[in-house]
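# turn this into a model:
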Amino acid sequence: MKCIFLFWTVFFHCAFAQSQTWEELNKQCDELNKAGQFAQAIPIAEKALSEALKDPLGKDNPNYLISLYNLGVLLTRVSRYNEAEPLFIEVRTKIKLFLNEESIDYAVVGEGLAELYLKTDEYEKARLIIIHSKNIIEKTLGKDHPLYASFLTQLARVYLGTGEYGLAEPLYIEAKNIRKKSPGETSSEYAVSLLNLGIFYKIVNQYDKAELLFIQGEEIFRKVLGENHPDYASCLNSLASLYMDKGDYIKAEEYLIAAKEIWGKVLGENHPDYAINLNNLAELYRILKQYEKAEPLYLKSIEIKKQILGENNTSFATSLNNLAAVNEEMKNFSQA
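Numbering: from 1, shown residues only. The predicted model follows:
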């Protein structure tokens, strides 16, 4: 959910001459990222990277490392994980060499790499990076800093992924309370915390709490990011999933279709978020016994997940199981 551009306020403690062209490209890249236009931002990030390499310092130029990190974040957002991972590792290696493993910048890059591992279900790799980075931020910036909240959220996601729900909830709550103070209750970061906590409550079947958080988050996302942003679509998808669980299928279908249109337009139809949406919509039609609508959606979802996430990903396995269930129900339905 979160993409961290331009947290590099302490990278190298000396002044470097910056190309105006690089600054312009970096600014353009940041604006596209904030607008959720990740695919469009990638070629701009690549141009900024090339521009930074023109500096006499080459790959030791801080601008190069910033651009390399930004490109890694964008590639992660469009699920090009194999391309993003070595970029993060290269930047971390350079920071370790020029600064140390206890610097703020080392922690910042750790957040990007941990996000990648969370997306690929590599929870132990993510956990080690997150804990180390969280400790750095606690020592240097303090527990009230928004970046500390980011690491709390990532650690909570690890625990959610490993089924350790009792450890996840207090971290989500603490992160939400930090972001409520800074950057504030009207920020997209605070809305992300509401969404994350809502997802937790949905998973543990506390639907009333989840719905309230989702609705609050949706309102903030709509006002701050607009209705064509991927994060707004994520909120709609979460609301749809909640209404499916509550049996309100009319609302669920409405929100799923709205999220599908946004993700298809902004992220493209080969993105895992789009595939998850297809799976959820197919599951809704399976429940409604509209099998002719459900089956092609499951098949498309499986195709995307296999291509992007691989066959060992839990989300891919979920879609396979759902397709098997709908095929069995179709068989029984035709025999009835």
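# burial measure for the closest residue to T120 other than its chain neighbours, as a count.
Leaving out its chain neighbours, the residue that sits closest to T120 by CB to CB, 6 or more residues apart in numbering is Y81, at 5.6 Å. The way it works is simple: take the backbone N, C-alpha and C, and place the C-beta from them, glycine included. For Y81, the count of nearby residues is 19 (other CB atoms under 10 Å).
# my guess is Y81 contacts L118. True?
No. Y81 lies out of contact with L118 (CB atoms under 8 Å); the separation is 10.8 Å.
# ok, which stretches of the stretch 1-150 of the chain are helices?
Assigned by DSSP state H, counting those that start in this stretch, the stretch 1-150 of the chain shows helices spanning 20-34, 38-52, 62-77, 81-98, 104-119, 123-140, 146-161.
# for L288, which of those is the nearest?
Of all the helices of the stretch 1-150 of the chain, helix 146-161 sits nearest to L288, with 28.7 Å by CB to CB.
# which other residues reach the following helix or strand past the closest one?
The first helix or strand that comes after helix 146-161 along the chain, using DSSP states H and E, is helix 165-179. Contact with helix 165-179 is made by 143-146, 148-150, 152-153, 155-157, 159-160, 187, 189-190, 192-194, 196-197, 200, 203-204, as judged by CB atoms under 8 Å, 6 or more residues apart in numbering.
# average pLDDT for the next helix or strand after helix 165-179?
Sequence order places helix 188-203 as the next helix or strand after helix 165-179, per DSSP H and E. Mean per-residue pLDDT for helix 188-203: 97.
# helix 188-203 vs helix 20-34, what angle?
Going by axes from the mean of the first three to the mean of the last three CA atoms, to 10 degrees, helix 188-203 is angled at 30 degrees with respect to helix 20-34.
# helix 188-203 - contacts with which helices or strands?
Applying 3 or more CB pairs under 8 Å, 6 or more residues apart in numbering; DSSP states H and E, we find helix 188-203 packed against helix 146-161, helix 165-179, helix 207-224, helix 230-246.
# buried residues of the longest one, list them for me.
Of all the residues in helix 207-224, those buried under the rule 16 or more other CB atoms under 10 Å are A210, E211, L213, F214, Q216, G217, E218, I220, F221, V224.
# okay, now the unreliable bits of the stretch 151-300 of the chain?
Regions of the stretch 151-300 of the chain meeting the criterion pLDDT under 70 are absent.
# cool, and the stretch 1-150 of the chain?
Within the stretch 1-150 of the chain, the stretches with pLDDT under 70 are 1-20.
# again, only using 90
Counting by pLDDT under 90, the stretch 1-150 of the chain shows low-confidence ranges at 1-20, 61, 78-79.
# ok, N33 - how many residues close by?
When neighbours are counted by other CB under 10 Å, N33 registers 23.
# what's the spacing between it and L99?
With distances taken as CB to CB, to the nearest Å, N33 is found 25 Å from L99.
# how about L320?
Going from L320 to L99 by CB to CB gives 45 Å.
# before we move on, what about L194?
35 Å.
# looking at the helices and strands packed on helix 188-203, which is closest to L309?
Among these, helix 146-161 comes nearest to L309, with 14.1 Å by CB to CB.
# what helices or strands is the closest one leaning on?
helix 104-119, helix 123-140, helix 165-179, helix 188-203.
# for those, which one sits closest to T76?
T76 sits nearest to helix 104-119 of all these, at 5.0 Å, using CB to CB.
# output that closest one as CSV, nothing but the C-alphas.
This file holds the C-alpha atoms of helix 104-119, laid out as CSV (Å, rounded to 0.1, in the frame of the first residue of the first chain):
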residue,chain,number,x,y,z
ILE,A,104,18.3,6.1,8.8
ASP,A,105,18.9,5.6,5.0
TYR,A,106,19.7,1.9,5.6
ALA,A,107,16.3,1.6,7.4
VAL,A,108,14.4,3.4,4.6
VAL,A,109,15.7,1.1,1.9
GLY,A,110,14.9,-1.8,4.3
GLU,A,111,11.3,-0.7,4.2
GLY,A,112,11.2,-1.1,0.4
LEU,A,113,12.9,-4.5,0.4
ALA,A,114,10.6,-5.7,3.2
GLU,A,115,7.6,-4.6,1.3
LEU,A,116,8.7,-6.7,-1.6
TYR,A,117,9.1,-9.8,0.6
LEU,A,118,5.7,-9.2,2.1
LYS,A,119,4.2,-9.2,-1.4
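# that one - contacts with which helices or strands?
With contacts defined as 3+ CB pairs under 8 Å, 6+ apart, helix 104-119 has these neighbours: helix 62-77, helix 81-98, helix 123-140, helix 146-161.
# tell me the angle it makes with helix 81-98.
Going by the same axes, to 10 degrees, helix 104-119 makes 160 degrees with helix 81-98.
# report the distance from helix 104-119 to the chain centre.
Helix 104-119 has its C-alpha centroid displaced from the chain centroid by 12 Å (CA atoms, centre = their mean, to the nearest Å).
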